[in-house]
Structure formats: C-alpha cells, structure tokens
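*Asks:* here is my input, please return the structure:
(2 chains)
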Protein chains: 2
Amino acid sequence: MKSDIEISQHCHMWPIEKIAKKLHLTPDQIEPYGHYKAKVSLPIKDQHTKQKLILMTAINPTPKGEGKTTVAIGLADALNQLHHNAALALREPSIGPVMGMKGGAAGGGYAQVEPMEDINLHFTGDMDALTEAHDTLSALIDAHIHHGNQLNLDPRQITWHRVLDVNDRELRNCVVGLGGRFSGVPRQDSFSITAASELMAILCLSRNLMDMKKRISKIVIGYTFDEKPVTVKDLGATGALTLLLKDAIKPNLVQTLEHTPTFIHGGPFANIAHGCNSILATKAALNTADYTVTEAGFGADLGAEKFMDIVAPRIHKTPDAVVIVASVRALKYNGGMKLADLPKENVQALLKGAANLKQHISSMKRYGKPVVVAINRFAGAPDAGTDHEVQVLKNYITKDLHTHAAVVDVWGQGGKGALDLAKIVAKDCNEQRTFHPLYNQDDDLVTKLNKIVKNCYGGKKVVLSSKAKAQLESLKQNGWDKLPVCVAKTQYSLTDDAHRLGAPKDFLIHVRALEPKLGAGFIIALTGKVLTMPGLPSHPAALNMDIDKNGKITGLF
Amino acid sequence: MKSDIEISQHCHMWPIEKIAKKLHLTPDQIEPYGHYKAKVSLPIKDQHTKQKLILMTAINPTPKGEGKTTVAIGLADALNQLHHNAALALREPSIGPVMGMKGGAAGGGYAQVEPMEDINLHFTGDMDALTEAHDTLSALIDAHIHHGNQLNLDPRQITWHRVLDVNDRELRNCVVGLGGRFSGVPRQDSFSITAASELMAILCLSRNLMDMKKRISKIVIGYTFDEKPVTVKDLGATGALTLLLKDAIKPNLVQTLEHTPTFIHGGPFANIAHGCNSILATKAALNTADYTVTEAGFGADLGAEKFMDIVAPRIHKTPDAVVIVASVRALKYNGGMKLADLPKENVQALLKGAANLKQHISSMKRYGKPVVVAINRFAGAPDAGTDHEVQVLKNYITKDLHTHAAVVDVWGQGGKGALDLAKIVAKDCNEQRTFHPLYNQDDDLVTKLNKIVKNCYGGKKVVLSSKAKAQLESLKQNGWDKLPVCVAKTQYSLTDDAHRLGAPKDFLIHVRALEPKLGAGFIIALTGKVLTMPGLPSHPAALNMDIDKNGKITGLF
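*Replies:* Down below sits the predicted model:
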C-alpha cells in the first residue's frame, strides 16, 4: 500500500476554478491561492433550508484516531458517485500536532483532500493570521499597562493569554515582563495553542465580517483592580483585530482525490474548544451543494455535542443525519485491550468495548435525528479486525442496538468503499424528524452541564472546584451564566479521566475552572487535567520530514 | 491631499497575470494569491549580467522616515515613463511596526505599491510562516531537553530564542518551562521580532530551495555543557523547517499605482538584521526587467553597507548606481533642530546637518559606483522645506560635494515627480566603474568592524565589551571568525548613540555582543542599546484602524 503522501503526489488535481464551477461559483466569487486552493469571497448567503446536512462523528478513539475525516471524505465522494451533488465542510489542521504525532487532518489513503501538503502546513494562512491577531492583542494589553494603565487593569487578572501554533509544553507557564522598567511589567502568563484561541471560536461562529467585529469587541481581556471586566472594545482594538482577520474569515475551497468540492475552514480542537469548522464553510457548502458532509472533532461526547448545542442554533440548521464512525480496533481498545494486542482477534473485548458505541448512539439519537454507524475497516492495517469481528459488530449494531450500519473501506477504495453507507445515509436524510435540543438556552450553567454529563456522557453530574464555584458567582454577577457551555475534556474517555475507557456509569465530571468567552458566546468548563497547550513526543513527526530539490516532500504521513 | 489609503482605494489595479505578462512570465510561472498578488514559481535563473541594478539608500532619518521606499517606487515608475522597462525589488512589511508607529512599508501618496492593505498586513503569509518555522524549532529544542536531552544541550546556553511578529516589550525577557516536571525545564528566554530571526536572513540570502535547506541545517541552536555548538542538523529538524518555508521562499509579485512590476519579498530590519529584500526577489527582477530598483533599509550606514558587503557578493552583482535619499527636514533635524521646529526655514541648520549627507555620499562613493542624491520634496507637508532651502541644498550637493542631485516629488506626483532623477540615474548606470569592496572576506572580525566604522560611519574604531571579547575567542575556536559581519546599530545616528545626530567624528562603536549566525553566514555585532524586540508607543497605530461592512479599511495610514 502506498503512503498517504505518495497517493497524494500521484493525484491529478483539477484547477480550482473547475471545482468552483461545479458549485456554480463564478471566478469573481473566489480568490485563488495558487492553482488548487481558493478563498470564497464574502458575503455568503444565509438561505439553505432544503439542502441536507450530514454530521460525521465517532466513538472515543484510540490515540491513533478512528478515521473520522477519512470516512467523511469517502462518504461525500460516494454520494457524488451516486450523483447526489455533495460537498464537504471540514476543519483545517493545526501545525502543532502535524509536527507532533497526530498525523494529517486531510484524510488518508484514497480518501484525501488535496493539496494535502499545503493543507497540513500553512494552507491559506488562516491559522497564522489568528496567531498574529491574538498576540497583537496581547501586545496592546501589555503596552497599555506599561504606558500608565488608564483602564486600571489588574496585571494579575489578565485573562487574555498568548498563543502559538506549536505543541510546546515549555510555554504553558511563564513569567514575562522581566528586564527592568523599559521592558514591561512583570507578571505570570501562559501560551495556549492557536486552536484554543477565542479568536478561533469567533472566526468559526461568525456569520459575516460585521458579526465577527461585534464578537471581537465583546472579548473580555481581564479585570480591573475592582473586579470589573475589561473588553477589547474598552481597549479600542476591535478595528485592528478585525482587519487582521479580514481574509482569514473567508472559507477555503479545495477538492478530494475524486474532485468533490471541499470547504476547509477554522480548526478549533474538540477537546479544548468547540471542535467544528466555521459556520461560513458549512453555509458555503449548504448554499452550493445538495448534500453537505461536515465533521465534528473527536468523539460524539465532544465535537458532536458542541455541534448540536452551540453550532446548530447559530446556523439555524440541524443535521439531517448523524454518522458515528466506529472501528473494531477502537472498540477492542475500549474493551480493555492494549494497543499492542489489537491485531489479535478478541470478540469478547469487542463486545465489551461496544458499550462505548452504545452510549454514543443513544446520546445522538436523543437529538431526534437518524443515526447511522460507519464501521471503518482500515483495509490492510494489521489491527483492522477480522471478517468475523466485523460481522459480529455489525450484527450487534443492527440487531441489538436497532441502528443502521455499513462497513466502509474508504482508505483503501475511496468513495467506492462507502457506497453502502452513502445509500443508507441519503435515504435516512429524507426522513422528517424533529430536533430535540439537549438543553434550553435559559437553563443555568450547572443545569446545562448536568444535562450534558447525564445524557451525553452517561455520567451522574458535575462537581465544581472551589475556584470554579467562585468563578460561577462572578459569571452570575456579570449576567453571563445563561450562555451555552463548551466543555474542555479528554477525548479518550466519556469521563474526565483519559484512562477510564468503555462506557463507565455514575461518574462525576470535575470542573476545575470556568472561563467566560463573551466573543465566542459561551463559557468554557475546564474538566480533569485537559491542557490547552499540547507537548511534543520524544520523537516528533517533524524529525521524519524532508523535501528534495524538486520540492518533493517525504515523511508528511 | 488624500490619505495613502484613500489614494490606494481609488487605484485600478491590473490583474496580476497582466503584470506578469509585462515581464514575459507565463501563467504557469506564477501562483496567484487573490487577483492582484502572486508568488513566482521556483527555480529562478541565475544569469543577469547586462541588466542595471540601482540601490536606493538614505541619510540618517528623522523618526518619521525619509521616504526611501516612496522614492524607489517613484524612480521605477519614472524609468517606465521613459520606456526603460524597470521593476522594483523591495522588502515586505512586518506587522509589529505597522500596528505601532512606523507607517506602511508600501510607499505613500502617488508612489505606492498595491494592494497596500494586504501588503501591510499578512500579504502572502511569508512573515507568518517564518514565525511558525522559528517557534517550531524552539518547541523541538525544548522537547528534546524535556525528553532526556540526548544532545547534552545546556539549557543556559540555548541561543535559539523565540520570535513573534509583534512589537511587544513584555516578551523581551521571560522565564519559561515553569509549572512542574510535566511542563518543560525552567530556563530564561526571550522573544525577538520575526524580522530579526536568522530564518529571515536565510530566506533572504538563499539562491534556491536546497541552498535554504543547507543554510537551515547549519544554524547553531545552542551549546552543550562542554561548550560544543549544536546545530539544526544535529537535532534532525532541517527537513521540517525547510518544508515550513517551501512557499515563503518564493518571491511575491505585485504592482505600483502606475503598474510597475514589483517583487516584494523578505523583510529583515536594517538596524537589527541585514536590511535587504531577498536575493531571489532581486534576481527575479534582474531576470525580467532592464532596470531593477532595490532598496536597503534605514541609512546608508546600515542597509546599504550590508547590501554592498553581504548581499552583493552573494548575487554576484554590484549596483550600477546608488541613490541617496535626503530631505531638507531630515538634514535640519541632523543639524540640531527639534522635530516640532522643522517647519521653520533655517539654512544654517540645514547646512550643518548636511554633514550627515556628506558622510553618506563619501562612504557610498568609496565603493566606486556612481552616486546620485534624490532630494525628497514631500510636497504639501508643513516641514517639506522652502524653495530657498531646497535650492541651497541642491547647490551644496552639486557644487561643494560634486555629486549629481535631483529634486523629487513622487509623493505628490508619482513617477512624473522623479523624471529628472530617472534621467540622471539611467545615464550614470551606464558608466563602466569598478566595484571596490569595503573589506576582504579574509579580514578578521575586528578588522572588518574597524573598516566599517572608519569608512562607512566616519568613526574611529570598535571597542568590544568583555562579553564580546569572550565570544570572539569562542568564534575563533570554532573557526567562524572570518565570516562577514552584520552590525546591529541605531538607525538615527552614525554612532551607536541615537542622540548623536549630524556627522560626529572620532567616535567609538561599542560592541556589546557577537552572535554567530552560521545559517545566514554572518556574525551579528550588537552595538549600543539596540533591541531586537521593539515596543508599542502609548497610542499605537492599531487603535486608529477600522474596517466597515463593505470591507473598506480606514486608519491604515
């Protein structure tokens, strides 16, 4: 089997104008970035009632990931093979994890988005623009304090920390402003990865340029010595930050190996942020295609919950079907097997781990829309699961869980490997079902959290740390406690402990802090040990990468 | 008079393909970035012996700058009005100063490069890619130390610091790696502005992708506990960093208001780095136009000296003429007048300050090539100088200094305002003159520095701090002491003290540190108080910027 990058390098991409033409986008509605990438010009229209939206999510994955993006790509390609006029809306990768261990975020095998080399690196510069805008705000804040601090900002209560698009644990905690009176004011600070920036969430949730500007103005950057919140508007930086993101807000258009139009835009992680691509990308797809396949990050407990409860109300469109990606190897892993043992057949572990899938099916069905399971076959991988295991799993899903299921091999076959899935999904999409939100927007914060924990994670309730309790009081005083909640939680478990696999019951979720994100329009609840700045492993993927004199790249997956 | 951005917004740009066509570049030799920007595909050929190269430099400026970029643009436009087939090669702006106080780096008035809004912001992402590549290397270094430190790197001797493209004094000195054993190793660090990154110098000095890769491999990132240098190659990060800069290395093509093709690429500052655009941009211009106008940053003591001694040997091409931009206001300022008093006529101060111009003329003539002075008129500005002052200055230059001079008003008139200058320069360019390098590559470091101080600055000699002396010993031990030297020095004075204006004599230049940049291929000599991370003023330019719902920008100059 060829590597992802070898397959990619043999792909014959169409000029991006030809992809745009498939969507009836005229040359002046796109801005080319090289010959195979483009940004879509704003504004993007706001009407998309008849088109079908398919949400791709997954069970709790192994550390290798379960191929959710790959299946999304394969499904869209398959829908197009069936002449259904489909497009994709996906997140854009972050360079930090690409250089670390995650692997590309542009699919794999014969289900890839191209040009994968660019998409996995700087792409059209959105991530870099976010870093620049974020840290420009940091510089403006510290310059304000340095030059007399007219706003009376408490340097100990600056909540706008810095970001970089790197996996760099060294920057998690730092002291800045050292070196004497000409070099700022000493204070403690931290860096998160750019994907965790509130500006990323804002970019992903904005309907247009002015909506983004309004959201930016509301960002709380810190508190005064007398505990009053200070915003970007107070600082006067709204215009400059909006300017710095004027191009980043435009969705990017690329193509799959099978030339399916693909909007890739915005890349918040689902474990530390809301985990969904921009609503402008989703709207662009809904405006131009009959079927839009979009993906939410990590398991259904993270990305899909946030899509349903944060994103859907903002695009005024709920998914017409939900596809949950599961694999034999991940269910066996959830059933207690070690990573190294996964190649061995073990039906008992598979069925034990299937409890994890059961929980995700139940939590997704709760929203009222059709749910389909895609069993990702990973053809050729040593831990892909035996034919027998796959059959056992499929029987369990269809007979015991009364849920549609299809085996897919998009990695090995592209769209052809997802034709069964595409037929089921296209049919289910046309069922008329009512959407049932998980919580009411008027519920208080703890009620919202408890509904998420009970109905989505299968746990008991939340417990707030003393710090979180104090923060909740502050949220109430400021009138912010009715905002939606965005849970930051490990992706490996339904609980807040990465080591508790399968489908635990009656567990508590420990909220260690609550962070108001007024621009994004939600409250982040940090649970367990989840960190907003990843680290690099002892042998980072970066060390395998190379490029030769002809520009040919190796080691990028 | 309209503001720069108002003029810019009324400009009718040609599609970038049409600009490329002027240079006989085919559509597959460029990669469009939107409709009005493009990158030039690599490789760029290496032959350009007959074409004329004009180097634009200046006297020591007021804090407002003396319009060097503007005059370069106007001169190229004027050469094209005279049917001379001219192109520009310029540096790209850094967002840090744009948000601070510097003003745009895309010219001004009727001598601008378009689209100025994009050029002054993220442009095609080069600066952001450099930031990302630089800090990825930092993350790899700290991850290496964290995971066992096989290379035996001394955390106290990491010489690869971090960068951001911001003016942020708060980051000049910091302590990172706090937070316990899962979050790195505590150590002191610092951030510079991206323009000061060695990767920026490498990007600007590389002849092609493989040359860049080789240079990257040689970067010294720090020293072991037993004082041995450790390089990027030792760490194994050469391929990944080259990959991250694969697009950034391609020169960018844009146009002036008068549609003169303009290559804008690379943006090292001349006070803290080598201050010249990429040699690939200069080569791209030399390959496609008959006359190339390029610019070196700040005064002739900084950018032009580095162009002559560092850049010219690497492109195997010396300038055919040097243009020194001077203004009445800057000479009066150098003659001792305060900024606020400059609108007043004062011939005495003017002639006193003209000593500064005299020094720069003499230092540039030393290289053997024709020197022309452009008196920048700044029409309409209150401190533009009276007609009498301008005439006095012109007489002084032509009669007392025996140097060609032309009055220009490119800000008010575009190319038309530089026709006299263009005629003189085009004629002088065709003189056959021999280039005399300032120093021999084999001179030792102190000899090189002394030759620069004497012949270029008009001073006496260098004095090394005890730290610099120790570093010189280390350079000798490593065999690096014969590399060219890149002086980091204030731009406001020929000396290393920003307050000593005019043309002081017999002064000493104090070298406080010597930093080997093996990838760039030079040694940086840090003098006086010059800092590699600027700060924002009390009212940063960012606070005046805005964008409306139609995307119309205000306050960006």
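*Asks:* CA atoms for contacts and neighbours, from now on please.
*Replies:* Noted.
*Asks:* neighbours around the residue lying closest to A:N430 once chain neighbours are set aside, how many?
*Replies:* Closest residue to A:N430 apart from its sequence neighbours, by Cα to Cα, 6 or more residues apart in numbering or on different chains: A:D320 at 7.4 Å. By other Cα atoms under 10 Å in any protein chain shown, 26 other residues sit near A:D320.
*Asks:* which ones are touching A:D320?
*Replies:* A:K52, A:L53, A:I54, A:L55, A:K369, A:P370, A:D428, A:C429, A:N430, A:E431 (Cα atoms under 8 Å, 6 or more residues apart in numbering or on different chains).
*Asks:* what does A:L235 give?
*Replies:* Contacts for A:L235 (Cα under 8 Å, 6+ apart) come out as A:I141, A:L151.
*Asks:* can you do 10 Å?
*Replies:* A:L137, A:L140, A:I141, A:H144, A:Q150, A:L151, A:S217, A:I221, B:L543 (Cα atoms under 10 Å, 6 or more residues apart in numbering or on different chains).
*Asks:* tell me which of these has the lowest pLDDT.
*Replies:* Within those, the minimum per-residue pLDDT falls on B:L543 (93).
*Asks:* remind me which residues of chain A are low pLDDT?
*Replies:* Chain A contains residues with pLDDT under 70 at A:1, A:48-49, A:102-104.
*Asks:* distance of A:A20 relative to chain B?
*Replies:* Separation of A:A20 from chain B (Cα to the nearest Cα, to the nearest Å): 14 Å.
*Asks:* what's the helix or strand for that residue?
*Replies:* Element membership for A:A20, per DSSP states H and E: helix A:16-22.
*Asks:* mind checking how far that helix is from the chain centre?
*Replies:* Its chain's C-alpha centre lies 26 Å from the corresponding centre of helix A:16-22 when counted by Cα atoms, centre = their mean, to the nearest Å.
*Asks:* partner strands of the single longest strand found in chain A and their direction?
*Replies:* Taking DSSP state E as the criterion, chain A has its longest strand at strand A:508-517. Partner strands and pairing direction for strand A:508-517 (DSSP bridges) are strand A:461-464 (parallel), strand A:522-527 (antiparallel).
*Asks:* just the buried members of the contacts of A:D320?
*Replies:* Neighbour counting with 16 or more other Cα atoms under 10 Å in any protein chain shown marks A:K52, A:L53, A:I54, A:L55, A:K369, A:P370, A:D428, A:C429 as buried within those.
*Asks:* can you tell me which of these are in strands?
*Replies:* Here DSSP E is the test, and the buried ones among the contacts of A:D320 give A:K52, A:L53, A:I54, A:L55 as lying in strands.
*Asks:* mind putting those in a markdown table, distance to chain B included?
*Replies:* As requested, these are exported to a markdown table (distance: Cα to the nearest Cα, whole Å):
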| residue | distance to chain B |
| --- | --- |
| A:K52 | 30 |
| A:L53 | 29 |
| A:I54 | 31 |
| A:L55 | 31 |
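*Asks:* dihedrals phi and psi, the residue of the stretch 451-557 of chain A found nearest chain B?
*Replies:* Nearest residue of the stretch 451-557 of chain A to chain B (Cα to the nearest Cα) works out as A:D546 at 3.9 Å. Dihedral pair for A:D546: phi -160, psi 160, per degrees, to the nearest 10.
*Asks:* the residue nearest to it when sequence neighbours are not counted: what's it in contact with?
*Replies:* Distances taken as Cα to Cα, 6+ apart put B:G239 closest to A:D546, at 3.9 Å, once the chain neighbours are dropped. Applying Cα under 10 Å, 6+ apart, we find B:G239 in contact with A:542-548, A:553-555, B:213-214, B:216-217, B:232-233.
*Asks:* about what we covered before: using JSON lines, lay out the contacts of A:D320 together with distance to A:P382.
*Replies:* Listed next are the contacts of A:D320 as JSON lines, based on distance: Cα to Cα, whole Å:
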{"residue": "A:K52", "distance to A:P382": "36"}
{"residue": "A:L53", "distance to A:P382": "34"}
{"residue": "A:I54", "distance to A:P382": "30"}
{"residue": "A:L55", "distance to A:P382": "29"}
{"residue": "A:K369", "distance to A:P382": "35"}
{"residue": "A:P370", "distance to A:P382": "32"}
{"residue": "A:D428", "distance to A:P382": "33"}
{"residue": "A:C429", "distance to A:P382": "34"}
{"residue": "A:N430", "distance to A:P382": "37"}
{"residue": "A:E431", "distance to A:P382": "38"}
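*Asks:* from these, which two are the most distant?
*Replies:* Using Cα to Cα, the two most remote members of those are A:L55 and A:E431, lying 15.1 Å apart.
*Asks:* so which residue of the stretch 251-400 of chain A comes closest to chain B?
*Replies:* Closest residue of the stretch 251-400 of chain A to chain B, Cα to the nearest Cα: A:N252 (12.0 Å).
*Asks:* does the closest residue to that residue other than its chain neighbours sit in a helix, a strand or a coil?
*Replies:* Once flanking residues are discounted, A:N252 sits nearest to A:K39: 4.4 Å by Cα to Cα, 6+ apart. Here A:K39 is recorded as strand under DSSP: H, G, I helix; E, B strand; the rest coil.
*Asks:* ok, the one 5 residues further on next?
*Replies:* Using three-state DSSP, the structure places A:I44 in coil.
*Asks:* how many other residues sit next to the closest residue to it other than its chain neighbours?
*Replies:* Using Cα to Cα, 6+ apart and skipping the chain neighbours, the partner closest in space to A:I44 is A:A284 (6.4 Å). Around A:A284 there are 29 other residues, counting by other Cα under 10 Å.
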